[in-house]
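>>> Next comes the sequence, and after it the predicted model I'd like to discuss.
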Amino acid sequence: MSAPIHRFEINLADTDRSRYEQIELRLARHPSETERYLVTRALAFCVLHEPDLQMTAGICHGDEPAIELRDSTGLRTHWIDVGRPSAAHVQRGLRDSRRVSLVTTREPAEVVRVLESADVRLLDRLEVIGLEERFVADLAERLDRRNLWSVTITGGRLYVEADASVVEGALDRLALAES
């Protein structure tokens, strides 16, 4: 069974971080991957976008993050995962990278409680970014093979124009180094 390819042409305006980019993504949707998970991967790429950010084989290689950033020597500097990875998977990221971000539709504080109860170490390197579940579901309903999105991030809100309508949701960031 071949994985369907979804193409995203994204006009990103992240006013919170003063980043304005044109992004093109081609994402293969693994047979076990839901449309919501695919949308969350695309949104994570936008929310955490910086030069040289790369999608990985992710779901096809369970021990890898969904998205990563490597420095010029090939060392992974940012491990980015989406959804609901296991505590062991998050712990591997925290061991292998200086910075780890998790983009999820769960409440960020709940994610941290689960990781703390599983005795995950190095949580001061973790940032949890919560997206509203309904927001992700609305975008998943509009998902096509070719997606033209205008993504605006401002004031802790995320706005995505897709199919001539705007879908809006909160962007809840919890960086444990600050707490």
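Happy to help now that I have it.
>>> from here on, contacts and neighbour counts on C-alpha atoms
Noted.
>>> where does this structure dip in pLDDT?
Counting by pLDDT under 70, the chain has low-confidence residues at 1, 58-62, 177-179.
>>> which parts of the longest helix along it are buried?
Scanning the chain for the helix with the most residues, using DSSP state H, yields helix 35-47. Residues 35-47 are the ones in helix 35-47 that count as buried (16 or more other Cα atoms under 10 Å).
>>> how much distance is there from the helix or strand residue 92 falls within to the middle of the chain?
Of the helices and strands defined by DSSP states H and E, residue 92 is found in helix 87-96. Remark: helix 87-96 is offset 16 Å from the chain centroid, using Cα atoms, centre = their mean, to the nearest Å.
>>> For the closest residue to residue 15 other than its chain neighbours, give me its contacts.
In space, and not counting its chain neighbours, residue 15 is closest to residue 154: 5.3 Å by Cα to Cα, 6 or more residues apart in numbering. The contact partners of residue 154, by Cα atoms under 8 Å, 6 or more residues apart in numbering, come to 14-16.
>>> Quick one, which of those are buried?
Buried subset of the contacts of residue 154 (neighbour count, 16+ other Cα under 10 Å): residue 14.
>>> How about the backbone phi and psi for residue 56?
phi -110, psi -180 (degrees, to the nearest 10).
>>> Make sure it is actually in contact with residue 70.
No: judged on Cα atoms under 8 Å, residue 56 makes no contact with residue 70 at a distance of 11.5 Å.
>>> Okay, buried residues for the helix holding residue 92 please.
Buried residues in helix 87-96 (16+ other Cα under 10 Å): 87, 89-94.
>>> check contacts around residue 162.
139, 142, 147-150.
>>> And the furthest pair within those residues?
Using Cα to Cα, the contacts of residue 162 reach their maximum pairwise distance at 142 and 150, which is 13.6 Å.
>>> Which of these two has more residues huddled nearby?
residue 150 (16 against 13; other Cα atoms under 10 Å).
>>> related to what we said a few turns ago, which neighbouring elements make contact with the helix holding residue 92?
If contacts are counted by 3 or more Cα pairs under 8 Å, 6 or more residues apart in numbering; DSSP states H and E, helix 87-96 sits against strand 76-82.
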